[in-house]
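Visitor: Let me see the structure of the following:
(chains A, B and C)
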Amino acid sequence: MTAVRPYFEFAKVAFSREATYRFEVFTSIGSLLVRVYLFRMVWTALYFHNAGIRELTLAEAITYSTVALLMSLVMDIDQTRLLVSKLDDGSIAMDFMKPISVPLYFFSDGTGEVSFHALLIVPSLILALFIVHIQVPDPIVLCVFFLSFFLGYLVGLLMNFCLNCIAFWTLEIQAMQLIVTWITDLLGGEVIPLVFFPPLVQGFIYFLPFAAMYSTPVLIYVGVIGPDEYLRALLLQAVWIVVFGIGAVLMWRFGSRRVVVQGG
Amino acid sequence: MSTLAIWADVYKQYWRINFLTALEYRANFLVWFAFTFIYHATALAALYIVLREFPVMNGWSFSEMAFLYSLWMLAHALNNTLFLTVGDVPEHVRDGEIDRVFVRPLNPLFQILTTPQQIFPDELILAILLFILATIWAKPIIDVWFVIFMPLVVIGGALIDFAINLLIATCAFWFVKVDGLRWVAFQLEQEFTRYPISIYTKGVRLVLTFLLPYAFMNYYPATFFLDKTENALHLAPQVGLLSPLVGVACFCVAYAFWRVGLNHYEGVGH
Amino acid sequence: MPIIETHRLRKVFRSVERQPGVGGALRSLFSRQYVDKVAVEDVNLTMETGELVGYIGPNGAGKSTTIKMLTGILVPTSGDIRVAGIVPYQKRKENARNIGVVFGQRSQLYWDLPLRESFELLRAIYAVPRPKYEANMAFFSEILDLDEFMTTPVRQLSLGQRMRGDFAAAMLHDPPIVYLDEPTIGLDVVAKEAIRTFIAKVNEERGTTVILTTHDLADVERLCNRIVLIDDGRIVYDGALERLRMEYGTHRTLVVTLADTCEDLSFPHTELVEQEANVVHLKFDRRKITAEHLLRLVTERCTISDVSIVEPEMEDIIRRIYLEGYRTQAPTPAS
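Guide: Numbers count the residues shown, from 1 in each chain, chains lettered A, B, ... in the order given. Got it, this is the predicted structure:
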């Protein structure tokens, strides 16, 4: 138990730290609500003017966007950015001298931060219900959704960690990170449900890690991915977790060696 | 030397240093250009994908939406080229560097706008390219009005963008940290200029026209140039030509607030 | 006419008093309590053209507040202030033309580009005519030795080089007044001396009025014949350095090299502060005993091979004033 204790403390510290940014809390909930409204209006206009049968009904589309937005409260956070800032100011050298696992330290910090933001989902959801109507699936589907959400979260966490590790080689990773963020939003189905993408593209998009982050969980929620496809979908997410997990281990090993060898 | 001559000289030096620095940090510049490109490309791709599936949006086709987007992109890119440095004000207030504007014999805002920052008009060039494409595609009426007013509309749009950024930056004199505010404002700008505002409820349309006039950045001018029969508030179509005036008015309001902020800072220090 | 004049200058900062706890936070939503801090009180300063004044005081004494008011960054709460005939906060731009500022800890040079580029931009900002600019650049390049790194990007310069660049940048437009805030901070001994030489030279040859704010008293001793000491917002001393030393430097140190071991090194009004091998430092209160008398006592008791007198350390004087406050103490003649 004592071995885990310090990491628990790191998470607690990160949690409290996030709680002090009152203004940020208001703006993130506020901007989420604005976007929920916006998506509702956009979908309504689109469906109103374009008759036809589609993969998603209007109600499902609105539900999709709202759920995806609520997920983004947690998914959008770059949890391991502590790595980059510590490399930037050199304080990572100090961390290597402590009797803790440095990557676990970063993960704990990120977990604490995310936990706080996860709490914000509740008030955001309640307020969002004033703006839109969300469909609620059966309890079993909901459970699978939460599982898939968790897996998607892990994919995102590990992928971002791998990206942050690039900072071991060059600190100028901001632009690259932004590029990945935008691509993730588009190809991950956060902005537009992947079901609406041109059929040719849909073929391979589902196999990209981005889809594993947003699209898979939300499509499960909305029911587009049916029970017979659950196993396949979750396994695909698991594959990406393994891929990025290995990537993370490798990048950390090579990257941290660089710090130790070259100094601060 | 007259003030104008001094300003011109400083501006010339400022751009010289911008270019030299961009060249110096070539790799960095290329990466950021890649980001700019991808940012706009994904936005347009998203629009395309949506409109492929839903061809009609309140009477706007994809080519018209592309035109709408390119108008916004032009104004935004122009703002980023000329007025981007205003975003550094909160940081300068935090580290005390803002004091320097008081100690030099030039208008403080002008000084901030001419602080070298590695700026390059790459986004603006992209925007112009897109605009040409969109114009060919959407076929707005190209007449005297178009030729005279298009540049003015773009400048007006850039001024609206600038004014809002300036307002937020001025808040730093009181709150120091304005990142959250800036993020929200940018999200609002992004999202609400993407689509014709006619899809929103009346209240929102009023806000976007009279309070946060993002609609004047691209929507109203687009309805005029594309000869749309009606716009969101059933105003006369020429209202789109008011963009430059709206831009100037917004700037005046923002500048007045900036002066208030400066005076406040001089009174209380930090 | 004095180039700098302040009369009863006063600056009060008002801040919100934070109430502790959740109850306090809620309460402060409805009624706010303010706390007034007087940063500067009744400051009367007069400086003539060409003076080189050291402006010193403990941290938080009001030094930077005063300088900010003089440079037009801050508006006084009350009192008169005139720099080169201009009220700084009213005519900020005109005032700016008359002053140059060096912030020791922050550079006004542009980080990414060669030094020369920064100068070009500043030339444009201050609208310095080309011939004057070239002449000044030649002058500063020579005495600051800038040529060797003129084309190096500023971020690659050493602190000493950067500081020299900052000096040239501050004086490019020939300001009659220059404010130097911690100009030698962090510099090595050689660089410090170079900067001090430059300051002295500019003051002598160009008649530039210099106000030097520093914690390094060696700067002050080397450069200033007048110091102004501010403590707790009030001017505590304003006058010649020598007089301060005379009035407050109550102790001098007799450094004696003993030729032979000496048993008893205790003398009246004297403290043995240091002994290294056969070199002895005897600190004595010169109000109670003269150097000559002490020396006589020492030689009566011991055989010495060398002797010297060390004047009171500026550091000690200032430290005592910071701790004890300033009182005029005329040295009483020793018996």
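
Visitor: Give me every residue in chain C that's in contact range of chain B.
Guide: Residues of chain C lying close to chain B by CB under 8 Å from any CB of the partner chain are C:13-14, C:65, C:68, C:71-75, C:89, C:92-94, C:96-97, C:99, C:101, C:106, C:108, C:110, C:112-113, C:117, C:120-121, C:123-127, C:153. Where C-beta positions appear, they are placed from N, C-alpha and C, glycine not excepted.

Visitor: Counting neighbours, what do you get for C:Asp306?
Guide: Neighbour count for C:Asp306, taken as other CB atoms under 10 Å in any protein chain shown: 11.

Visitor: Report the contact partners of it.
Guide: Listed by CB atoms under 8 Å, 6 or more residues apart in numbering or on different chains, the contact set of C:Asp306 reads C:256-257.

Visitor: Make sure it is indeed in a helix.
Guide: No. Applying DSSP: H, G, I helix; E, B strand; the rest coil, one finds C:Asp306 to be strand, outside a helix.

Visitor: ok, so what distance separates the residue lying closest to C:Ile289 once chain neighbours are set aside from C:Met314?
Guide: Excluding the flanking residues, the one nearest C:Ile289 by CB to CB, 6 or more residues apart in numbering or on different chains is C:His269, at 4.5 Å. Using CB to CB, to the nearest Å, C:His269 is found at 22 Å from C:Met314.

Visitor: Between these two, which is the more surrounded one?
Guide: Using other CB under 10 Å, the more surrounded residue of C:His269 and C:Met314 is C:Met314, with 20 against 15.

Visitor: Spit out the contact partners of the more buried one.
Guide: Here C:Met314 is in contact with C:217-218, C:220-221, C:245 (CB under 8 Å, 6+ apart).

Visitor: out of those, which are buried?
Guide: For these, a burial check counting by 16 or more other CB atoms under 10 Å in any protein chain shown picks out C:217, C:220-221, C:245.

Visitor: got those as JSON lines, with secondary structure columns?
Guide: Listed next are the buried ones among the contacts of C:Met314 as JSON lines, based on three-state DSSP:
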{"residue": "C:Leu217", "secondary structure": "helix"}
{"residue": "C:Val220", "secondary structure": "helix"}
{"residue": "C:Glu221", "secondary structure": "helix"}
{"residue": "C:Arg245", "secondary structure": "helix"}
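
Visitor: Going by distance to chain A, which of those residues wins?
Guide: C:Leu217 (32.6 Å; CB to the nearest CB).

Visitor: hang on, the earlier thing: could you work out the most separated pair of the contacts of C:Met314?
Guide: With CB to CB as the measure, no two of the contacts of C:Met314 lie farther apart than C:Ala218 and C:Arg245, at 14.0 Å.

Visitor: and the closest residue to chain A within the stretch 201-335 of chain C, which of the three is it?
Guide: Closest residue of the stretch 201-335 of chain C to chain A, CB to the nearest CB: C:His215 (26.0 Å). C:His215 falls in the coil class when you classify it by three-state DSSP.

Visitor: So it is in contact with C:Ile56, correct?
Guide: Yes. Between C:His215 and C:Ile56 there is a contact under CB atoms under 8 Å: 7.4 Å.

Visitor: So which of these two has more stuff around it?
Guide: C:Ile56 (26 against 16).

Visitor: Now for the more buried one: which residues touch it?
Guide: C:63, C:213-215, C:217, C:220, C:227-230, C:318.

Visitor: Any chance of TSV for those, columns pLDDT?
Guide: Conversion of the contacts of C:Ile56 to TSV gives the following (pLDDT from 0 to 100):
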residue	pLDDT
C:Lys63	88
C:Thr213	92
C:Thr214	88
C:His215	83
C:Leu217	81
C:Val220	88
C:Ile227	91
C:Val228	92
C:Leu229	89
C:Ile230	89
C:Ile318	76
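
Visitor: Can I get the buried part of these as one PyMOL selection?
Guide: The PyMOL selection below is limited to those of these classed as buried (16+ other CB under 10 Å):
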select buried, chain C and resi 63+213+214+215+217+220+227+228+229+230+318
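
Visitor: Kindly indicate which of the contacts of C:Ile56 lies nearest A:Pro137.
Guide: Distances from A:Pro137 to those, taken by CB to CB, are shortest for C:Lys63, at 67.8 Å.

Visitor: where's the closest one relative to C:His215, distance?
Guide: 10 Å.

Visitor: Backbone dihedrals for the residue of the stretch 201-335 of chain C closest to chain A, please?
Guide: Phi and psi for C:His215, reported as degrees, to the nearest 10, are phi -100, psi -10.

Visitor: The residue nearest to B:Pro237 when sequence neighbours are not counted - how many residues pack around it?
Guide: The spatial neighbour of B:Pro237 that comes closest, neighbours along the chain excluded (CB to CB, 6+ apart), is B:Phe224 at 5.0 Å. Residues near B:Phe224, counting by other CB under 10 Å, number 24.

Visitor: that's a helix at B:Phe224, yeah?
Guide: Yes. Counting by three-state DSSP, one finds B:Phe224 located in a helix.

Visitor: As a check, name the ranges of all helices in the chain.
Guide: Just so you know, I chose chain A. Remark: helices of chain A, listed N- to C-terminal, are A:5-19, A:22-49, A:58-75, A:81-89, A:92-96, A:102-128, A:139-165, A:174-187, A:199-205, A:209-213, A:215-222, A:230-262; assignment by DSSP state H.

Visitor: that answer is for a different chain, and I need it for chain C
Guide: Counting by DSSP H, the helices of chain C are C:21-30, C:63-71, C:92-98, C:115-126, C:130-144, C:159-171, C:189-206, C:217-223, C:241-248, C:291-301, C:314-324.

Visitor: Equivalent analysis for the stretch 101-250 of chain B, please.
Guide: B:108-113, B:122-138, B:144-175, B:179-194, B:202-206, B:219-225, B:243-268 (DSSP state H, counting those that start in this stretch).

Visitor: deepest of those, which one?
Guide: A comparison of the helices of the stretch 101-250 of chain B by mean neighbour count, using mean count of other CB atoms under 10 Å in any protein chain shown, puts helix B:219-225 on top with a mean of 27.

Visitor: What helices and strands are in contact with that one?
Guide: Helix B:219-225 is packed against helix B:62-82, helix B:144-175, with contacts defined by 3 or more CB pairs under 8 Å, 6 or more residues apart in numbering or on different chains; DSSP states H and E.

Visitor: again, 10 Å this time
Guide: helix B:62-82, helix B:122-138, helix B:144-175, helix B:243-268 (3 or more CB pairs under 10 Å, 6 or more residues apart in numbering or on different chains; DSSP states H and E).

Visitor: Need these in JSON lines (columns: mean pLDDT).
Guide: Output for the helices and strands packed on helix B:219-225, formatted as JSON lines (pLDDT from 0 to 100):
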{"stretch": "helix B:62-82", "mean pLDDT": "94"}
{"stretch": "helix B:122-138", "mean pLDDT": "93"}
{"stretch": "helix B:144-175", "mean pLDDT": "93"}
{"stretch": "helix B:243-268", "mean pLDDT": "93"}
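
Visitor: wait, which of the ones you listed is closest to chain C?
Guide: helix B:243-268 (4.7 Å).

Visitor: Run through the residues that contact whatever residue of chain A ends up closest to chain C.
Guide: Residue nearest to chain C within chain A: A:Arg22 (10.6 Å; CB to the nearest CB). Applying CB atoms under 10 Å, 6 or more residues apart in numbering or on different chains to A:Arg22 gives the contacts B:Gly180.

Visitor: hmm, back to that, single out the most deeply packed of the helices of chain C.
Guide: helix C:63-71 (a mean of 24).

Visitor: quick check, nearest of the contacts of C:Ile56 to A:Phe96?
Guide: C:His215 (35.5 Å).
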